[in-house]
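K.L.:
got a predicted model here, sequence first, then my questions.
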Amino acid sequence: MPDLTELRDICARHDLADFAQEFLRRNCRYRQQFGAISLSQEVGDQTGRMRGLARMWGLDFRICAR
C-alpha cells in the first residue's frame, strides 16, 4: 500500500475525467445498464438509450455559447 505522499503523486497524474471513468468502470450498476444497451439488437433505439444512460450518469455535457 502506498503511503500518503506516493498516493498524492499517483493522483496528481490524473484529471477528473480519469477518476470518473475509473468510477464508472468499477460500478456494477453502470456496467449492467451499459451491457444491456450494448446487447440490444435495435441499433436506432440503442443510440437513444445510450444518450439516456449518459445523461443519467452525468455524462451529458452541454456546449455553452459564450
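P.N.:
All right, it came through fine. Computed from a predicted model, the values in this text were never measured in an experiment.

K.L.:
which helices and strands does the helix or strand hosting Arg51 pack with?
P.N.:
According to DSSP states H and E, Arg51 maps onto helix 43-56. In terms of contacts (3 or more C-beta pairs under 8 Å, 6 or more residues apart in numbering; DSSP states H and E), helix 43-56 is packed against helix 28-38. Any C-beta I mention is one placed from the backbone N, CA and C, and that applies to glycine too.

K.L.:
centre of the chain to the lowest-mean-pLDDT helix or strand in the chain, how far?
P.N.:
Across the helices and strands of the chain, mean pLDDT, DSSP states H and E gives its lowest value to helix 43-56, namely a mean of 84. Relative to its parent chain, helix 43-56 has a centroid offset of 14 Å by C-alpha atoms, centre = their mean, to the nearest Å.

K.L.:
what's it in contact with?
P.N.:
33-34, 37-38, 40, 59-60 (C-beta atoms under 8 Å, 6 or more residues apart in numbering).
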